[in-house]
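> Next comes the sequence, and after it the predicted model I'd like to discuss.
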Amino acid sequence: MSVTLAMIKAILKIGIFSLLFLGISIYSQEKKHFTGYSNILQSIIPNQKTDFWILVHNNYGKNQEVRTVGTKKDYTPQSSGFNLFPDENGFFYIVYSSGGKIDYITDISALRKFIGKIDNVEEAAIMLTDEGYFVDEEFNDLAGNYAEDSKNYYLEVGKLTSKECPYQKKHFNITVTKATGEVGNIKDDGTYIELYNKKCTNNPRLLKIEKKEPPKDEPKKTNSSKRR
């Protein structure tokens, strides 16, 4: 059966279309880095109607208003708040007014309630913070990036799995459904930070040294012949 020129053209068109579609799919799932906790929090879209809301960062007792939405009113500076990263310097809190009543958000649980429905990938990252996951700015290639398609967000984030002996962080690949905000697949990609201090008795290097066999005693020298 001979292959006609029209058939060849049709096959080529299908091949080009397939490659183009594949390229678009790959591009749409290209990894992007999160650009800091402040930017993540500024992307919040409140689930409720507010008269105004303000994102405040407190660093060593100094308050800085990072974002203001609406016409703000006087409020009381807070002495505590929430963090998106373990051992982070300072803290964030949110001041908002709804129906003329001023309220404050100083913990992750209240922050999740304020966010409500997941509207973007930044809110998905904040939601995961309540489960112990976090965006690691220092190692964002491993634990601070994301991709997305029409149905899901794909986040690569970190988790502090041990605070000492060792201080350990693992990174995870987590799927969050856009339509429902539900967490789907969670994949453990292993450890990317593991540190032991001098006090750690389970330090693998110390254990390796202890397990080394002591040098054997040299055999005693004996005379090859006895005197007569």
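Structure's in. What do you need?

> quick one: low-confidence ranges for this protein?
1-29, 207-228 (pLDDT under 70).

> Packing partners of the longest strand seen in the chain?
Looking across the chain with DSSP state E, the single longest strand is strand 183-195. If contacts are counted by 3 or more Cβ pairs under 8 Å, 6 or more residues apart in numbering; DSSP states H and E, strand 183-195 sits against helix 140-143, strand 152-162, strand 167-177. The C-beta positions use only the backbone N, C-alpha and C, and glycine is treated the same way.

> The ones you listed: which one's closest to residue 31?
strand 152-162 (7.6 Å; Cβ to Cβ).

> what pairs with that closest one, and is each one parallel or antiparallel?
Partner strands and pairing direction for strand 152-162 (DSSP bridges) are strand 133-134 (antiparallel), strand 144-148 (antiparallel), strand 167-177 (antiparallel).

> which residues in the protein form helices?
Ranges of helices in the chain, per DSSP state H, are 5-28, 37-42, 108-115, 121-129, 140-143, 204-211.

> Break this structure down into its domains, please.
What the record gives for the chain is the domain set 33-116, 118-215, from automatic domain parsing.

> got JSON lines for the ones you listed, with mean neighbour count too?
Output for those, formatted as JSON lines (neighbours: other Cβ atoms under 10 Å):
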{"stretch": "domain 33-116", "mean neighbour count": "15"}
{"stretch": "domain 118-215", "mean neighbour count": "16"}
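
> nearest to residue 133, of the helices and strands packed on strand 183-195?
Judged by Cβ to Cβ, the one of the helices and strands packed on strand 183-195 that comes nearest to residue 133 is strand 152-162, at 4.4 Å.

> Residues contacting the closest one, please?
The contact list for strand 152-162 (Cβ atoms under 8 Å, 6 or more residues apart in numbering) reads 29, 31, 86, 121, 124-125, 128, 132-136, 139, 142-148, 168-178, 184, 189, 191-192.
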